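> Predicted model and sequence below, questions to follow.
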Amino acid sequence: MALINYVLLVSTLLCSLVAGFVFSFASIVMPGIKPLDDRAYLQAFKAMDRVIQKNQPIFVVVWLGSVIMLILSTLLGLYQLEGTQRILLILACALYLLGVQLPTITINIPLNNQLQAQDLESMTASELLKSRDAFDSRWLLWNTNRTVCAILTTVILLVLLIRL
């Protein structure tokens, strides 16, 4: 088996784990905390986000590893793949970087950081509602986008693996 096959296999695994992570937030975590009152909802999200922001090692390896391995796969693929296979790999990489990683860096993480900076205990009910509304709708929209793009990336990578 060629190096591209191994690197692509690891890329697919890591990207699928990221897809599962954002999918879990979209389908279980966020709907699970939705019924909570505003303060409890925001506190619950902050608690989960703190685990991630403290650089939980397995999460960091999977999240950053998916980017590194997919870029490495694409670079190798530019030289070792042809035609449809090369196009699929470039498409998967672009979709993942632009549809998953870019919104994470430019939208979801800044929203998380804004929430982390808030002193929820000192906020009034109306301030909590305003904070939740500002956070929730935008975060959910972009997490849905990340989820769709991550799943599509994984599907493309799986198709590519089958074709190699």
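Perfect, thanks for sending it. Residues are numbered from 1 along each chain as shown.

> Distance check, Leu161 against Leu9.
Distance of Leu161 to Leu9, computed by CB to CB, to the nearest Å: 7 Å. Where C-beta positions appear, they are placed from N, C-alpha and C, glycine not excepted.

> More neighbours: those two, which one.
More crowded of Leu161 and Leu9, by other CB atoms under 10 Å: Leu9, with 16 against 13.

> which ones are touching that one?
Leu9 is in contact with Leu161, counting by CB atoms under 8 Å, 6 or more residues apart in numbering.

> Can you point out the buried residues in the helix or strand in which it is found?
Using DSSP states H and E, Leu9 sits in helix 3-24. Buried residues in helix 3-24, counting neighbours by 16 or more other CB atoms under 10 Å, are found at 4, 7-12, 14-19, 21-23.

> what's the closest of those to Ser66?
Leu14 (3.7 Å; CB to CB).

> and the spatially closest residue to the closest one that is not a sequence neighbour, what element?
For Leu14, ignoring the flanking residues on the chain, the nearest one in space by CB to CB, 6 or more residues apart in numbering is Ser66 at 3.7 Å. Assigned by DSSP H and E, Ser66 belongs to helix 57-80.

> Distance from that helix to the middle of the chain?
14 Å (CA atoms, centre = their mean, to the nearest Å).

> and the biggest helix by length in the chain, average pLDDT?
In the chain, assigned by DSSP state H, the helix with the most residues is helix 125-163. Here helix 125-163 scores 96 as its mean pLDDT.
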